[in-house]
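Engineer: Need coordinates for the below:
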Amino acid sequence: MSNSMFYTGLSGLNAAQAALVTTGHNTANVNTAGYSRQSAQIASNAGVNSAGTGYFGSGAKVVDVTRSYDRYLTTQLNQTQSANAALDTYSTQIGQIDNLLANQTSGLDKQMQTFFSHVQTMANSPADPSARQQLISSSQAMVNQFNSMGQYLTDLNSQVNAQVAGGVEQVNGYTAQIASLNKQISLLGSATGGQAPNDLLDQRDQLVGELGKLVGVKVVVQDDGQYGVFMGNGQTLVLGDRATRLATVSAASDPSRTAIATVNAAGKALEIQDGTVSGGSLGGLLQFRNETLGSAQNALGRMAISLADSFNAQQRLGLDLNGNMGQDFFSQSSPNVISNLKNTSGATLTAAFSDVGQLTTSDYRVDVKAGGGAGAAYTVTRLSDNTVVSPDPDSGAYDGVQLSLSPGAVAGESFLVQPTRAGASDLAVRLSNPAQLAAASPVATASARANTGSGTVGPARVDAAYVGSATQQATAGVTLKYDSATGTLSGFPAGAAVKVTLANGAIDPASPYAAGTAVRYSAGALMTFDGISLAVSGRPADGDRFTVAKNTGGVSDGSNALLLGALQAKKTMAGGSASLSDAYSQLVSAVGNKARQVEVSNAAQTSLTTQIRAAQQSVSGVNQDEETANLLMFQQMYQASAKVIQTASTLFDTVLGIAR
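Structural biologist: Numbers count the residues shown, from 1 in each chain. Predicted coordinates for the structure are as follows:
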């Protein structure tokens with residue numbers, strides 16, 4: 001019996017020691033990231049039958065050391081952390097654009113307001129050199145702001161590229177470590193008969209969690225306990241003791257963007273489409289670049305292009321101080337076309353603006369469907385909504401852009417068209433001489449002094465058709481004569497048809513009048529011919545005359561400058577539905593709303609992550625108070641087992657004493 005007591009006490013001593021060591025290990029790792037609380041699992045030894053008197057217990061044994069672990073909570077935590085990292089990254093990046101656009105003191109909106117106010121100043125004092133110089137200066141300041149903002153967004157794209165490259169290197173580091181731990185865990189599990197190396201399991205789970213903060217992953221536990229780790233699109237990152245290496249490459253469709261690629265066994269990098277990478281900081285970066293950064297660059301560029309196009313067009317319709325027709329005030333960019341790096345034919349695609357007012361803020365993909373000749377067929381996809389765009393039936397243009405594909409293109413090749421991407425960066429002021437600002441109208445109207453009626457002719461406006469027209473080339477002007485008998489005006493240029501828009505906005509039923517035909521007079525009606533539009537009001541008398549002639553005394557004429565100033569509010573963008581001010585407000589609003597949306601989503605996701613982490617830690621985390629209590633309990637267990645051994649020894653000595 002004493003021998004049995006001795007071994008029973010010894011087993012209890014060993015069990016208590018194992019429990020104490022495990023508890024001490026927990027206490028030492030209370031602040032170790034990813035550590036799961038461990039417990040020594042103690043079971044009773046089998047009883048010993050004693051001569052028909054029953055089974056007597058033979059002590060305890062340690063059967064395993066387990067970790068407190070909940071796979072469901074750990075998976076949930078990894079998923080929420082991944083989504084949290086994506087939103088946090090997106091929020092940080094978009095916040096930079098939001099701050100850039102919404103700056104009230106040095107933002108673009110203030111510069112445009114100043115520019116157009118100086119246009120108005122020139123319209124009020126067209127002969128004042130200081131007013132003209134002031135306009136030149138403010139235009140340069142505005143262009144500098146466009147350039148600066150365009151460059152800022154370009155630099156932001158470069159920063160995203162660098163962060164993507166850095167993130168890929170981190171992913172490779174984590175996957176290599178996970179693969180190595182897979183191998184160690186498998187070997188140790190086999191060597192110990194299936195006993196789990198708990199600390200290595202914790203390290204592996206911690207690495208998976210850190211990997212998930214970079215890119216969304218799914219984990220599949222294999223039969224031998226090794227992890228298979230996959231990205232959301234099914235791309236393998238880790239399988240057993242092998243890790244797939246990622247790399248960064250220039251995107252085939254747009255080399256200015258860094259793309260993620262997998263490296264195959266032959267060492268070749270195969271590009272992964274951005275849309276297949278989701279979750280984690282890498283997913284957030286790619287989502288920001290595709291959803292916000294590109295569209296912001298395009299929207300800003302479209303504003304610059306529209307401003308230059310409309311201002312230049314009106315400037316060309318005015319007269320400068322030297323009596324010459326105006327020259328372009330701004331220089332503007334052209335559509336950017338990028339040939340896919342996988343194209344092999346050498347065919348080129350060219351693009352040009354056909355109607356700036358129809359431009360969108362999207363990029364376009366041109367896919368060649370049939371090659372081998374000048375008539376190669378292709379489709380154009382608007383990438384902002386992934387819609388195939390049909391060409392304009394009249395011009396053949398796509399959303400204001402005319403395309404031309406050279407012969408020899410091969411089916412399957414593609415091109416990326418960025419109509420407005422470089423608009424802000426490429427905007428520049430061409431004129432430096434204030435005298436070249438075309439503030440005056442090229443034509444002047446007048447009522448003959450001999451007129452006896454109350455009819456008056458208003459100022460004339462010209463459009464692009466005036467430039468090079470017969471009326472512009474003629475040395476003599478146009479004289480319109482009223483005939484009271486027929487109620488008509490005659491004297492229009494012999495080769496010009498006349499379009500008449502009545503004062504109520506309706507079109508004269510007889511319009512357009514054939515060249516050389518007298519036009520029915522209607523007070524206030526707008527008459528257009530050879531690019532000139534004017535209206536006669538009041539009641540002219542028979543024989544009254546109204547002249548339209550070249551403006552030879554336009555030094556103090558600011559009529560064209562007034563039209564230049566009106567461009568600020570004129571609906572020149574988005575198919576005539578938005579002005580420059582509208583477009584900028586829409587851009588600021590769109591980015592601001594998206595920034596708030598991401599910020600709110602990030603706050604909610606952070607709260608959810610905190611809750612799940614708390615639930616996971618309630619299962620796996622080390623509670624210092626609990627471990628302290630366990631230390632005292634196992635210490636008493638150890639002391640009690642030692643007492644059993646001491647008692648057994650005393651009994652044995654007593655038996656020996658009796659024998660002597």
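
Engineer: who touches residue 209 in this structure?
Structural biologist: 34, 74, 77, 78, 81 (Cβ atoms under 8 Å, 6 or more residues apart in numbering). C-betas here are computed from N, CA, C, even on glycine.

Engineer: Spit out the contact partners of the second one.
Structural biologist: Applying Cβ under 8 Å, 6+ apart, one finds that residue 74 lies in contact with 205, 209, 616, 620.

Engineer: Likewise for the fourth one?
Structural biologist: Neighbouring residues of residue 78 by Cβ under 8 Å, 6+ apart: 208, 209, 212, 217, 219.

Engineer: re the thing from before, dump the contacts of residue 74 to a markdown table, plus distance to residue 477.
Structural biologist: Formatted as a markdown table, these follow (distance: Cβ to Cβ, whole Å):
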| residue | distance to residue 477 |
| --- | --- |
| 205 | 89 |
| 209 | 83 |
| 616 | 88 |
| 620 | 93 |
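
Engineer: what two of the residues you listed are the furthest from one another?
Structural biologist: 209 and 620 (12.0 Å; Cβ to Cβ).

Engineer: Which secondary structure elements does the helix or strand hosting residue 120 sit against?
Structural biologist: Applying DSSP states H and E as the criterion places residue 120 in helix 108-124. If you count contacts as 3 or more Cβ pairs under 8 Å, 6 or more residues apart in numbering; DSSP states H and E, helix 108-124 packs onto helix 129-191, helix 559-566, helix 580-620.

Engineer: returning to that earlier point: from the contacts of residue 209, which one has the minimum pLDDT?
Structural biologist: For the contacts of residue 209, the minimum pLDDT belongs to residue 34; the value there is 90.

Engineer: Count the residues that sit near that one.
Structural biologist: The number of residues packed around residue 34, counting by other Cβ atoms under 10 Å, is 18.

Engineer: give the contact list for it.
Structural biologist: Residue 34 neighbours (Cβ under 8 Å, 6+ apart): 202, 203, 205, 206, 209.

Engineer: what about it, which SS state?
Structural biologist: coil (DSSP: H, G, I helix; E, B strand; the rest coil).

Engineer: Can you give me every residue that contacts residue 133?
Structural biologist: With Cβ under 8 Å, 6+ apart, residue 133 has these contacts: residue 434.

Engineer: domain assignment for the protein?
Structural biologist: Annotated domains of the chain cover 2-68+623-659, 74-214+274-329+428-434+567-620, 334-419, 447-549 [automatic domain parsing].

Engineer: which residues touch the nearest residue to residue 409 once chain neighbours are set aside?
Structural biologist: Spatially, and ignoring its direct neighbours in sequence, residue 409 is nearest to residue 347 (3.7 Å; Cβ to Cβ, 6 or more residues apart in numbering). Each residue near residue 347 by Cβ under 8 Å, 6+ apart is listed here: 368, 371, 376, 405, 406, 407, 408, 409, 410, 413.

Engineer: Can you add pLDDT and give the residues you listed back as TSV?
Structural biologist: Conversion of these to TSV gives the following (pLDDT from 0 to 100):
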residue	pLDDT
368	94
371	60
376	66
405	92
406	90
407	89
408	88
409	90
410	90
413	93
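
Engineer: For those residues, pick the one with the most neighbours.
Structural biologist: Most surrounded of these: other Cβ under 10 Å gives residue 409, at 27 neighbours.

Engineer: Surely that one touches residue 366?
Structural biologist: No: contact criterion Cβ atoms under 8 Å: residue 409 and residue 366 do not qualify, at 9.5 Å.

Engineer: Can you pull the residues that touch both of these two?
Structural biologist: In contact with both residue 409 and residue 366: residue 378, using Cβ under 8 Å, 6+ apart.

Engineer: how about the strands in the stretch 401-550 of the chain?
Structural biologist: Counting by DSSP state E, counting those that start in this stretch, the stretch 401-550 of the chain has strands at residues 401-405, 414-418, 428-429, 443-447, 456-457, 461-462, 478-483, 488-490, 499-501, 519-520, 526-529, 532-537, 545-550.

Engineer: what residues does the fifth one touch?
Structural biologist: If you take Cβ under 8 Å, 6+ apart as the criterion, strand 456-457 is touched by 445, 446, 447, 480, 534, 535, 536, 537, 538, 546, 547, 548.

Engineer: which one among the residues you listed gets closest to residue 461?
Structural biologist: Among the contacts of strand 456-457, and counting by Cβ to Cβ, the member closest to residue 461 is residue 534, at 7.5 Å.

Engineer: right, and the secondary structure at residue 367 would be what?
Structural biologist: strand.

Engineer: From residue 358, how far out is it?
Structural biologist: Separation of residue 367 from residue 358 (Cβ to Cβ, to the nearest Å) stands at 21 Å.

Engineer: Distance to residue 267 for the domains of the chain - can I get that in JSON lines?
Structural biologist: Below are the domains of the chain laid out as JSON lines (distance: least, Cβ to Cβ, whole Å):
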{"stretch": "domain 2-68+623-659", "distance to residue 267": "33"}
{"stretch": "domain 74-214+274-329+428-434+567-620", "distance to residue 267": "14"}
{"stretch": "domain 334-419", "distance to residue 267": "18"}
{"stretch": "domain 447-549", "distance to residue 267": "58"}
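
Engineer: any idea which of those is most buried?
Structural biologist: domain 74-214+274-329+428-434+567-620 (a mean of 19; mean count of other Cβ atoms under 10 Å).

Engineer: how far does that one sit from the chain's center?
Structural biologist: 6 Å (Cα atoms, centre = their mean, to the nearest Å).

Engineer: Next, residue 209: secondary structure please.
Structural biologist: helix.

Engineer: From residue 217, how far out is it?
Structural biologist: Residue 209 is 10 Å from residue 217, by Cβ to Cβ.

Engineer: Mind jotting down where the helices sit in the stretch 251-400 of the chain?
Structural biologist: In the stretch 251-400 of the chain, the helices defined using DSSP state H, counting those that start in this stretch lie at 280-288, 294-315.

Engineer: which one of the helices and strands packed on helix 108-124 lies closest to residue 252?
Structural biologist: Closest among the helices and strands packed on helix 108-124, using Cβ to Cβ: helix 129-191, at 15.0 Å.

Engineer: Which members of the contacts of residue 34 occur in helices, if any?
Structural biologist: 202, 203, 205, 206, 209 (DSSP state H).

Engineer: so what's residue 180 closest to, chain neighbours aside?
Structural biologist: Closest to residue 180 by Cβ to Cβ, 6+ apart is residue 241, at 7.2 Å.

Engineer: Go ahead and confirm the one you found touches residue 183.
Structural biologist: Yes: counting by Cβ under 8 Å, residue 241 touches residue 183, with 3.8 Å between them.

Engineer: Now residue 637. Nearest residue, chain neighbours left out?
Structural biologist: Using Cβ to Cβ, 6+ apart, the nearest residue to residue 637 is residue 16, at 4.1 Å.

Engineer: Tell me if I'm right that that neighbour and residue 632 touch.
Structural biologist: No: using Cβ under 8 Å, residue 16 is not in contact with residue 632; the gap is 11.9 Å.
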